[in-house]
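[1] here's my sequence, what's the structure:
(2 chains)
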Amino acid sequence: GQQLNQSPQSMFIQEGEDVSMNCTSSSIFNTWLWYKQDPGEGPVLLIALYKAGELTSNGRLTAQFGITRKDSFLNISASIPSDVGIYFCALNTDKLIFGTGTRLQVFP
Amino acid sequence: NAGVTQTPKFQVLKTGQSMTLQCAQDMNHEYMSWYRQDPGMGLRLIHYSVGAGITDQGEVPNGYNVSRSTTEDFPLRLLSAAPSQTSVYFCASSYAGGGNQPQHFGDGTRLSIL
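    Residues are numbered from 1 along each chain as shown, chains lettered A, B, ... in the order given. The predicted model follows:
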């Protein structure tokens, strides 16, 4: 099956710091998605990327679709406590395949 | 707006028992799917449906059955529960399959098999 590697597995940062995480696939895809899961809830879509090289922002979040179409990056600037959660990348095939997630903890 | 509703929220079963996890959506979405979430494994697709009367297998379908008799409902059945099926189960729906349409997730069913 499709290999989707997400790193880092977890991050522990102080409030105000910037965060960066990434995802790589073994194949080329046309859509990269980033989801966030708050504790005790289902994932919610943050950003969708549809073109190689595309850079898209959603507030303090910025995601980029890698030029090779095999990777994607998510950056969070000036983190705040409510950024805590698990961030998943996901790929579009005929169904949605998720990465293993990056667990983010933000300390005041 | 109800969105995607999953019931029950929590369940404990004994090994060998059967159970149905319910999922309903009120957004007239064609595409529905079931995932399980285990620590360090992300979300893995169990089964999915592209419309009423049509279902297909995902990554980890063994031990689970689904049916899609209506657009709104997509129940997941455990035929004979095993401890390896202890997990958090999420149902999701969207207008169409694939990532071009945002998937809406329920809040999950936390299932423990003893």
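
[2] residues in chain A within reach of chain B, list them.
    A:1, A:6, A:9, A:31-33, A:40-45, A:48, A:50, A:88, A:90-101 (Cβ under 8 Å from any Cβ of the partner chain). C-beta coordinates here come from the backbone N, C-alpha and C atoms, glycine included.

[3] run the last query once more with 7 Å
    By Cβ under 7 Å from any Cβ of the partner chain, the part of chain A that sits against chain B consists of A:1, A:31, A:33, A:41-43, A:45, A:48, A:88, A:90-96, A:98-101.

[4] in strands, which of those residues fall?
    A:33, A:43, A:45, A:48, A:88, A:90-92, A:96, A:98 (DSSP state E).

[5] quick one: which of the residues you listed is nearest B:Lys9?
    Of all these, A:Pro43 has the smallest distance to B:Lys9: 16.7 Å, by Cβ to Cβ.

[6] in contact with the closest one, which residues?
    A:35-37, A:88, B:105 (Cβ atoms under 7 Å, 6 or more residues apart in numbering or on different chains).

[7] let me see the backbone angles for B:Tyr89.
    Main-chain torsions, B:Tyr89, degrees, to the nearest 10: phi -110, psi 130.

[8] give me the nearest residue to it, chain neighbours excluded.
    B:Thr109 (4.7 Å; Cβ to Cβ, 6 or more residues apart in numbering or on different chains).

[9] number of residues surrounding the closest residue in space to B:Thr70 that isn't next to it in sequence?
    Among residues not flanking B:Thr70 along the chain, B:Ala52 sits closest, at 5.9 Å (Cβ to Cβ, 6+ apart). By the measure other Cβ atoms under 10 Å in any protein chain shown, the count of residues near B:Ala52 is 16.

[10] do B:Gln85 as well
    Using other Cβ under 10 Å, the number of residues around B:Gln85 comes to 20.

[11] quick one: it from B:Gln11, how far?
    Using Cβ to Cβ, to the nearest Å, we find B:Gln85 at a distance of 11 Å from B:Gln11.

[12] please enumerate the shared neighbours of these two.
    What both B:Gln85 and B:Gln11 touch, as defined by Cβ under 7 Å, 6+ apart, is the set B:Leu111.

[13] near chain A, which residues of chain B show up?
    Going by Cβ under 7 Å from any Cβ, the residues of chain B near chain A are B:33, B:40-43, B:45, B:48, B:58-59, B:90, B:97-100, B:102-103, B:105-108.

[14] where does chain B dip in pLDDT?
    Along chain B, the model assigns pLDDT under 70 to residues B:1, B:97-100.

[15] how about the helices in it?
    With DSSP state H, there are no helices along chain B.

[16] residues near the spatially closest residue to B:Arg36 that is not a sequence neighbour, how many?
    Excluding the flanking residues, the one nearest B:Arg36 by Cβ to Cβ, 6+ apart is B:Ser87, at 4.3 Å. The burial count assigned to B:Ser87 is 21, neighbours taken as other Cβ under 10 Å.

[17] still on that earlier bit, I'd assumed B:Thr86 was in contact with the residue nearest to B:Tyr89.
    No - judged on Cβ atoms under 7 Å, B:Thr109 makes no contact with B:Thr86 at a distance of 11.7 Å.
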